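1. could you work out the structure for the sequence below:
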Amino acid sequence: MTEQIEDVIKVSSKGQIVIPREIRKKLGVKGGEKLLVLTCGSDIVLRKAKGVSLDGLGERIDKVVKEESIDVDKLVAEAVAWARKSK
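-> Presented below is the predicted three-dimensional model:
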């Protein structure tokens, strides 16, 4: 993937950005369409969410859980305990 500067935009005080009309038109991004927000080091990447299935995401999560030896039951128990404390 070749990087190319298309425009410079400003983040609002509420953390919002506007994707310039020319770029939305060029990439076919419509109002209300969902975008994925990804990070790569200190970079922020926006990607169209089309073509991302729940099954695909589930498979990717499964892979990371196995590779990192993450104890999902422990994480869920910790999340429940935290939620109960924060009430």
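
2. per the record, what domains does this structure have?
-> Split into domains by automatic domain parsing, the chain comes to 1-50, 53-87.

3. would you list the ones you listed in CSV and tack on mean neighbour count?
-> Just so you know, the C-beta spots here come from the backbone N, C-alpha and C atoms, and that holds for glycine as well. Converted to CSV, the domains of the chain look like this (neighbours: other CB atoms under 10 Å):
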stretch, mean neighbour count
domain 1-50, 9
domain 53-87, 9
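
4. what is the subsequent helix or strand relative to the helix or strand harbouring residue 63?
-> Element membership for residue 63 (DSSP states H and E) is helix 54-67. Using DSSP H and E, the helix or strand that follows helix 54-67 in sequence is helix 72-85.

5. on that earlier part again, averaging pLDDT over each of the domains of the chain, report the lowest-scoring one.
-> Mean pLDDT is lowest for domain 53-87 among these, at a mean of 84.

6. hey, what's the most centrally placed residue in the chain bridged with?
-> Closest to where the C-alpha atoms of the chain average out (CA atoms, centre = their mean) is residue 37, at 3.2 Å. Taking DSSP bridges as the rule, residue 37 bridges to residue 46.

7. isn't it up against residue 44?
-> Yes - between residue 37 and residue 44 there is a contact under CB atoms under 8 Å: 6.6 Å.

8. just say helix, strand or coil for the residue nearest to residue 30 when sequence neighbours are not counted.
-> Closest residue in space to residue 30, ignoring its immediate chain neighbours: residue 24 at 7.7 Å, by CB to CB, 6 or more residues apart in numbering. Three-state call for residue 24 (DSSP: H, G, I helix; E, B strand; the rest coil): helix.
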